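>>> Quick check, what structure comes out for this input:
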Amino acid sequence: MGEGTKIIALNRKARHDYAVDDSYECGIELLGTEVKSFRDGKISFPDAWAEVIAGEIWLRSLHIAENPFSSIFNHDPDRKKRLLLHKQEIKRLTRKVEEKGYTLVPLSFYFKKGRVKVELGLCKGKKMYDKRADIKERDLKREISREFRRSLG
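Down below sits the predicted model:
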């Protein structure tokens with residue numbers, strides 16, 4: 001992410017549970033009170049996912065808390081939100097999700113030039129042994145870097 005971006009939230013669990021093959025930057029269709037809640041960081045998406053319905057991509061299970069300072073015209077916190085992508089990208093994602101058992105998972109939310117963006121990952125679920133191998137590899141790298149620093153000092 002370049003200059004002018006402010007990260008709102010990261011989905012660390014997604015990188016642990018899924019193997020991310022590709023990622024896309026999407027816009028998201030929000031109401032005014034939802035944007036205010038995004039600015040305050042009042043969002044929750046531990047098990048959020050996206051689906052393709054009639055040529056559009058919809059984000060599900062994203063909870064955006066109601067803004068306490070807004071009027072009676074507040075938003076529904078659990079409504080599905082439409083993601084904004086180019087038609088070619090939607091077609092490509094639709095083919096992948098239907099054919100090969102991939103799923104669409106939001107990896108991060110951030111502001112880019114004042115607009116809320118979503119990094120949507122094309123992911124495939126990891127098996128338990130894959131997760132263990134990743135943890136083992138990470139621990140091994142940490143040990144090697146410790147030994148390297150010890151040998152320098």
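>>> C-alpha only now, for contacts and for neighbours.
OK.
>>> wait, what's in contact with the closest residue to K42 other than its chain neighbours?
Using C-alpha to C-alpha, 6 or more residues apart in numbering and skipping the chain neighbours, the partner closest in space to K42 is A65 (5.6 Å). Under the criterion of C-alpha atoms under 8 Å, 6 or more residues apart in numbering, the neighbours of A65 are E34, S37, K42, I43, P77.
>>> Out of those, which one has the weakest pLDDT?
Across these, the smallest pLDDT goes to P77, namely 70.
>>> the helices in the protein, which residues?
For the chain, helices defined by DSSP state H occupy the ranges 12-17, 32-40, 87-100, 128-152.
>>> and stretch 12-20, which residues are buried?
Within stretch 12-20, the residues scored as buried using 16 or more other C-alpha atoms under 10 Å are A14, R15, D17, Y18, A19, V20.
>>> Name the residues that touch it?
Residues from elsewhere that reach stretch 12-20 (C-alpha under 8 Å, 6+ apart): P46, V105, L107, G121, L122, C123, K124, G125, K126, K131.
>>> Tell me which residues touch the nearest residue to the third one once chain neighbours are set aside, please.
Which is L107. Leaving aside its sequence neighbours, L107 sits nearest to N11 (C-alpha to C-alpha, 6+ apart; 5.0 Å). Applying C-alpha under 8 Å, 6+ apart to N11 gives the contacts F45, P46, P106, L107, S108.
>>> Distance of the last one relative to I144?
What it means is S108. Distance of S108 to I144, computed by C-alpha to C-alpha, to the nearest Å: 30 Å.
>>> Those two: which is more packed in?
Applying other C-alpha atoms under 10 Å to S108 and I144 shows that S108 carries more neighbours, namely 19 against 11.
>>> May I have the beta-bridge partners of that one?
S108 has the following beta-bridge partners by DSSP bridges: L10, E119.
>>> these two touch, right, it and T5?
No - judged on C-alpha atoms under 8 Å, S108 makes no contact with T5 at a distance of 11.9 Å.
>>> Looking at the contacts of N11, which two lie furthest apart in space?
Based on C-alpha to C-alpha, the longest span within the contacts of N11 runs between P46 and S108 and measures 11.2 Å.
>>> where in this structure is pLDDT low?
Applying pLDDT under 70 to the chain picks out residues 1-2, 69-72, 76, 153.
>>> The same query, at a cut-off of 90, please.
1-23, 29-49, 55, 60-81, 95-102, 113-116, 123-141, 143-153 (pLDDT under 90).
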